[in-house]
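A.B. asks: attaching a predicted model along with its sequence, questions to come.
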Amino acid sequence: MPQDTPSTAPEGREAPEAHEAADENATFPPSAAFAAQANAQADLYDQAAADPTAFWAEQARKHVTWKTPFTETLDWSGAPVARWFADGTLNAAYNAVDRHVVAGNGDRVALHFEGEPGDTRTVTYAELQREVSRAANVLSSLGVEAGDRVVIYLPMIVEAVVAMLACARVGAPHSVVFGGFSADALRSRIADAEAKVVITADGGYRRGSAAALKPAVDAALETLDGGPESPVQHVLVVRRTGQDVAWTPGRDVWWHEAVEAADVQHEPVWVEAEHPLFILYTSGTTGKPKGILHTTGGYLTQAAYTHHNVFDLKPETDVYWCTADVGWVTGHTYVVYGPLLNGATQVIYEGTPDTPHQGRWWELVEKYKVSILYTAPTAIRTCMKWGEEIPGRFDLSSLRLLGSVGESINPEAWKWYRRVIGSGVTPIVDTWWQTETGAIMISPLPGVTDAKPGSAQRPLPGIAADVVDDAGQPVGHGEGGYLVVTEPWPAMLRGIWGDLERFKDTYWSRFKNVYFAGDGAKKDDDGDIWLLGRVDDVMNVSGHRLSTTEIESSLVAHEIVAEAAVVGASDETTGQAVVAFVILRSEFAADAVQADVQELLRAHVAKQIGPIAKPRTILVVPELPKTRSGKIMRRLLRDVAEHRTVGDATTLADSSVMDLIASGLATPAPK
Ligand code: ATP
Ligand code: MG
């Protein structure tokens, strides 16, 4: 480490060829040293293109260990529900844990856990095998059988990973519900999944204090319990904070007592490749969350393949850290299954980035010598807002690769991320994917692609994605349209839990035989893909289609703006009008005058994009409504802009934000 040390620069990393001039369209090629050592080389595209189905079969054999080898690769006769590797059998937990112990790597650290209060725990693969086996025995003793659903509602602690793997080990699909969700959100998910067991904790640490979790489970079950449709038989409770909990005898079981008493031997339940692995609800940015169903063999194949190639993981030397919570799909694929299948050593952190200080993440990078960091644009923009002197206090030289996911990363944030966090040299992979796709679909390959800030660039080898027009025809270079996936892929969703019609309707009805992702995109002159935001969010101003992402990027590129969200509000003259909500950088916030800010930024957008994109109204706000995964909920802002009652906000991270915004809008901004 680092792998890309050139012989001429002993103490650090080689600055790659500078194509970084003032040029807007600058590209950032990997250094020669990085390119030479990269897991994925350019020929991967050729291999996949030659025979995509054979390519996936090869990846499935390379990255996954099968109990019974598969002989069929893809069966698409039941479209849109695919079957991949269907006659093979395997176990996900065996693949994530046991096989590394079998291979002699039991002493390798799997997890460096850091609690928010600073407590730590190191778990090797051998220890993880014992923990998961014990927990699997506990689940079996509570009556959980293959096919039964288990809801997991835990903080970001080791037991969250163990619980997911224990479910997988007994063939019980898990449904992880983010620990910040309310009792209501939890209740609807437990009921929808008809879970037999819920795994929770007394509480977890967030923002410096112990936040209770169990009361939400008790409240959720109160209305379900006793009723005819009460599915939950047991609640397993991890003791994390030691706070008092209410106890329902017979139903509630302490995790530590049960696990300590359980046998360390457990024979994994071998399941068919199409056996359900998990149900996960989407973040609800565009509407009511959907219970996305993923199965085992195809999902694991693409999780491990993408993790190996996109993050360039070297399991012997890298320390990997994905900051996502296990409550999101990113936490499933790139905290649990991808990295563990690949035998990675990784960091997991319980708390918030600013507890007890705004440098906590960077302190952890320094402490554990993190070499690969995967996070979300919202976190990067927050760090920009706090100021670069904070990461500047820490030694970040161990980092050799950075990743981004969740939203478009605006070029300004991309460049900051690379310059400040990546010491100006690390490749950045901007990865586009969804809960539905299960794993990364569009991304640069870090050792191959000349990176373009703001663009996710190309479908990965083996993935067929395109941008099409209203008629479903591929658009030309330089044109925009809808992002679609034109061929089945191994980690694709197998449906919406319990609602095949909604599955067909949501993803397969807009265009014939292709998957419609719901996102707008454009191809640039090189054919590289740029994500433009949700199709639902695209604005139509005087017949011009405008992208939220482009206008937001332009706003954030102005020095006074820290964050921006743009929506279209109905307008009598133009059909729709652009309304922008901006958060100012702290140094400008104090004495900003709304009207001046509006004029300044309107002129800026007009100059950068064109007069048509100029927001009609720009509102300075203290916060933006975000989901718990950090995505901006534009539909709520649209409600505000159109003076409607604000819609379903149950997945908001902080529900008081909407009041804050509404109160700030008491005095209408000048038109
Ligand atoms: P819902 O479907 O319930 O509205 P959601 O779409 O926010 O919620 P996720 O599956 O977590 O739920 O998010 C996937 C979406 O995130 C993508 O469809 C896309 O809009 C956005 N996204 C993810 N990664 C990127 C990226 N690298 N660039 C641009 N957008 C991205
Ligand atoms: Mg979505």
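C.D. replies: Everything's here; your move. Ligands and ions are numbered 1, 2, ... in the order given.

A.B. asks: okay, CA-based contacts and neighbour counts for the rest of this
C.D. replies: OK.

A.B. asks: just list the residues touching the residue nearest the centre of the chain, thanks.
C.D. replies: In the chain, the residue lying closest to the centroid (C-alpha atoms, centre = their mean) is residue 330, at 3.3 Å. Residues counted as contacts of residue 330 (C-alpha atoms under 8 Å, 6 or more residues apart in numbering) are 324, 435.

A.B. asks: so it is in which element?
C.D. replies: Using DSSP states H and E, the element containing residue 330 is helix 329-331.

A.B. asks: ok, now residue 380?
C.D. replies: helix 377-386.

A.B. asks: which residues sit against that helix?
C.D. replies: Residues outside helix 377-386 that contact it (C-alpha under 8 Å, 6+ apart) are 358, 404-410, 413, 416-417, 562-563, 585-586, 630-631.

A.B. asks: what's the mean pLDDT across whichever helix or strand comes after that helix?
C.D. replies: Once the chain leaves helix 377-386, the next helix or strand it forms, by DSSP H and E, is helix 389-392. Averaging pLDDT along helix 389-392 gives 97.

A.B. asks: just stretch 315-325 next, same as before
C.D. replies: Mean predicted lDDT for stretch 315-325 stands at 97.

A.B. asks: residue numbers of the stretch 351-500 of the chain in contact with ligand 1?
C.D. replies: Where the stretch 351-500 of the chain comes near ligand 1, counting by C-alpha under 6 Å from any ligand atom, the residues are 405, 406, 407, 408, 430, 431, 432, 433, 434, 435, 456.

A.B. asks: farthest from the middle of this structure: give me that residue.
C.D. replies: Most distant from the centre of the chain: residue 573, at 39.1 Å, with distances by C-alpha atoms, centre = their mean.

A.B. asks: and the residue lying closest to that residue once chain neighbours are set aside, backbone torsions?
C.D. replies: Nearest residue to residue 573 in three dimensions, chain neighbours excluded: residue 542, at 8.0 Å (C-alpha to C-alpha, 6 or more residues apart in numbering). Phi and psi for residue 542, reported as degrees, to the nearest 10, are phi 50, psi 40.

A.B. asks: distance of residue 542 from ligand 1?
C.D. replies: Separation of residue 542 from ligand 1 (C-alpha to the nearest ligand atom, to the nearest Å): 25 Å.

A.B. asks: neighbour-wise, which of the residues of the stretch 351-500 of the chain next to ligand 1 leads?
C.D. replies: residue 430 (33 neighbours; other C-alpha atoms under 10 Å).

A.B. asks: tell me what that residue is bridged to.
C.D. replies: residue 404 (DSSP bridges).

A.B. asks: ok, it touching residue 403?
C.D. replies: Yes. Assessed by C-alpha atoms under 8 Å, residue 430 is found in contact with residue 403 at 5.9 Å.

A.B. asks: does the residue in the stretch 501-650 of the chain that ligand 1 sits nearest to lie in a helix or a strand, and which?
C.D. replies: Ligand 1 sits closest to residue 531 of the stretch 501-650 of the chain, with a gap of 5.0 Å, by C-alpha to the nearest ligand atom. Secondary structure from DSSP H and E places residue 531 in strand 529-534.

A.B. asks: give me the pLDDT value at the residue nearest to residue 573.
C.D. replies: 85.

A.B. asks: for it, give me its contacts.
C.D. replies: Counted by C-alpha under 8 Å, 6+ apart, residue 542 has contacts 573, 574, 575, 576.

A.B. asks: what is the neighbour count of residue 377?
C.D. replies: With other C-alpha under 10 Å as criterion, residue 377 counts 22.

A.B. asks: swap that for residue 213, please
C.D. replies: Neighbourhood size, residue 213 [other C-alpha under 10 Å]: 23.

A.B. asks: let me see the contact set for it.
C.D. replies: By C-alpha under 8 Å, 6+ apart, the contact set of residue 213 is 153, 154, 179, 200, 201, 202, 203, 204.

A.B. asks: least confident of those?
C.D. replies: residue 179 (91).

A.B. asks: and the residue of the stretch 201-350 of the chain closest to ligand 1?
C.D. replies: For the stretch 201-350 of the chain, C-alpha to the nearest ligand atom, closest residue to ligand 1: residue 284, 3.1 Å.

A.B. asks: wait, doesn't that residue sit right on residue 651?
C.D. replies: Yes. The criterion here is C-alpha under 8 Å, and residue 284 meets it with residue 651 at 6.6 Å.

A.B. asks: what residue ranges in the chain score low on pLDDT?
C.D. replies: By pLDDT under 70, the low-scoring segments of the chain are 1-24, 225-229, 286, 663-671.

A.B. asks: what residues does it put near ligand 1?
C.D. replies: Counting by C-alpha under 6 Å from any ligand atom, the residues of the chain close to ligand 1 are 282-287, 289, 405-408, 430-435, 456, 519, 531, 533-534.

A.B. asks: restricted to strands, list the residues you listed.
C.D. replies: 430, 519, 531, 533, 534 (DSSP state E).

A.B. asks: may I ask which of these has the most neighbours?
C.D. replies: Busiest of those [other C-alpha under 10 Å] is residue 430, holding 33 neighbours.

A.B. asks: report the contact partners of that one.
C.D. replies: 403, 404, 405, 409, 443, 444, 454, 455, 456.

A.B. asks: so the host helix or strand of residue 550 versus helix 377-386, what angle?
C.D. replies: Under the criterion of DSSP H and E, residue 550 resides in helix 548-556. Helix 548-556 and helix 377-386 are oriented at 10 degrees to each other (axes from the mean of the first three to the mean of the last three C-alpha atoms, to 10 degrees).

A.B. asks: adjacent strands (with direction) for the next helix or strand after helix 548-556?
C.D. replies: Using DSSP H and E, the helix or strand that directly follows helix 548-556 along the chain is strand 561-571. Strand pairing for strand 561-571, using DSSP bridges, gives strand 575-584 (antiparallel).

A.B. asks: now what about the strand it pairs with, what contacts it?
C.D. replies: Counting by C-alpha under 8 Å, 6+ apart, 539-543, 560-571, 613-624, 641 sit against strand 575-584.

A.B. asks: off-centre distance for that strand?
C.D. replies: The chain centroid and the centroid of strand 575-584 are separated by 26 Å under C-alpha atoms, centre = their mean, to the nearest Å.

A.B. asks: in CSV, list the residues of the stretch 351-500 of the chain next to ligand 1 along with distance to residue 41.
C.D. replies: Shown next, in CSV, are these (distance: C-alpha to C-alpha, whole Å):
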residue, distance to residue 41
405, 22
406, 26
407, 27
408, 25
430, 18
431, 18
432, 20
433, 21
434, 25
435, 27
456, 18
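
A.B. asks: quick one on the thing from earlier: hey, what's the residue of the stretch 501-650 of the chain closest to ligand 1 bridged with?
C.D. replies: Under the criterion used here (DSSP bridges), residue 531 is bridged to residue 521.

A.B. asks: now for it: which residues touch it?
C.D. replies: Contacts of residue 531 (C-alpha under 8 Å, 6+ apart): 408, 455, 456, 519, 520, 521, 522, 549.

A.B. asks: measure it to residue 507 for me?
C.D. replies: Remark: distance between residue 531 and residue 507 (C-alpha to C-alpha, to the nearest Å) = 18 Å.

A.B. asks: before we move on, what about residue 366?
C.D. replies: Note on residue 366: its distance to residue 507, by C-alpha to C-alpha, is 43 Å.

A.B. asks: which other helices and strands does the longest helix seen in the chain contact?
C.D. replies: Identified as the longest helix of the chain according to DSSP state H is helix 125-141. Contacts defined by 3 or more C-alpha pairs under 8 Å, 6 or more residues apart in numbering; DSSP states H and E place helix 125-141 against helix 99-102, strand 109-114, helix 158-170, helix 255-261.
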